[in-house]
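Undergrad: Sequence plus the predicted model coming up.
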Amino acid sequence: MATKADFTAEEWESLTEAPMKIAYAIMASGSPGPIQMAQEMWAVAQAAVEPTVNASPNALVNAVAADIKAISQDAEQRKAAKAGMQEDLQGIKELGALRAAGIAGASAVASLLAAKASPEEAEGFKQWLLGIAQKVAEAAKEGGFLGFGGTQVTDEEKATIAELAGVLGVSAPAAS
């Protein structure tokens, strides 16, 4: 069983940043307005710490979720995490590049997990990440007018989820 001690500080940071990077890929795939973006950010925040409330059978997921929760509750850690993400995203000026950065982050995490975690742990962690992507995509309708109409999960978001599943090496959820 892989634990935090099995990863370098930089590798562990990659694991704790993975949910947000995946969320960026989903958000960059659609065209959310400010309200939809807030709903999607709330969805990733909730989904990333959900294993601290309802424990996952995957110890690695639980450990990463606990660290994400601790970071979110400590002002200094939150500030450092924000600075790290801003540094990672520095220079990204278009949605396509933001989406690509999220996909690249997922790919890097998949490689890291292949090297350091058991196949079962890696599979569970990658499924957790893909579940977060799905929750972000489902968090807000896009299109429509004043909340009426619109699409819950756009074709672009579905394509990004499928691409994320591919780089993570897991099955994409059934199309809805």
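TA: Right, received. Where do you want to start? Numbering: from 1, shown residues only.

Undergrad: how about the strands in this structure?
TA: With DSSP state E as the criterion, the chain has no strands.

Undergrad: lowest-confidence helix or strand of it?
TA: For the chain, counting by mean pLDDT, DSSP states H and E, helix 75-89 ranks last in confidence among helices and strands (a mean of 80).

Undergrad: who are the neighbours of it, in terms of helices and strands?
TA: Applying 3 or more C-beta pairs under 8 Å, 6 or more residues apart in numbering; DSSP states H and E, we find helix 75-89 packed against helix 9-29, helix 59-73, helix 95-116. Where you see a C-beta, it was placed from the backbone N, CA and C, and this is true even at glycine.

Undergrad: mind putting the ones you listed in TSV, mean pLDDT included?
TA: Shown next, in TSV, are the helices and strands packed on helix 75-89 (pLDDT from 0 to 100):
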stretch	mean pLDDT
helix 9-29	93
helix 59-73	93
helix 95-116	94
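
Undergrad: for those helices, which one ends up most surrounded?
TA: Counting by mean count of other C-beta atoms under 10 Å, helix 9-29 has the highest mean neighbour count of those, with a mean of 22.

Undergrad: hang on, K141 packs against Q152?
TA: Yes - at 5.5 Å, K141 counts as touching Q152 under the criterion of C-beta atoms under 8 Å.

Undergrad: gap between the residue nearest the centre of the chain and A9?
TA: The residue lying closest to the centre of the chain (C-alpha atoms, centre = their mean) is P19, at 2.3 Å. Separation of P19 from A9 (C-beta to C-beta, to the nearest Å) stands at 18 Å.

Undergrad: That's all I had, so thanks and see you.
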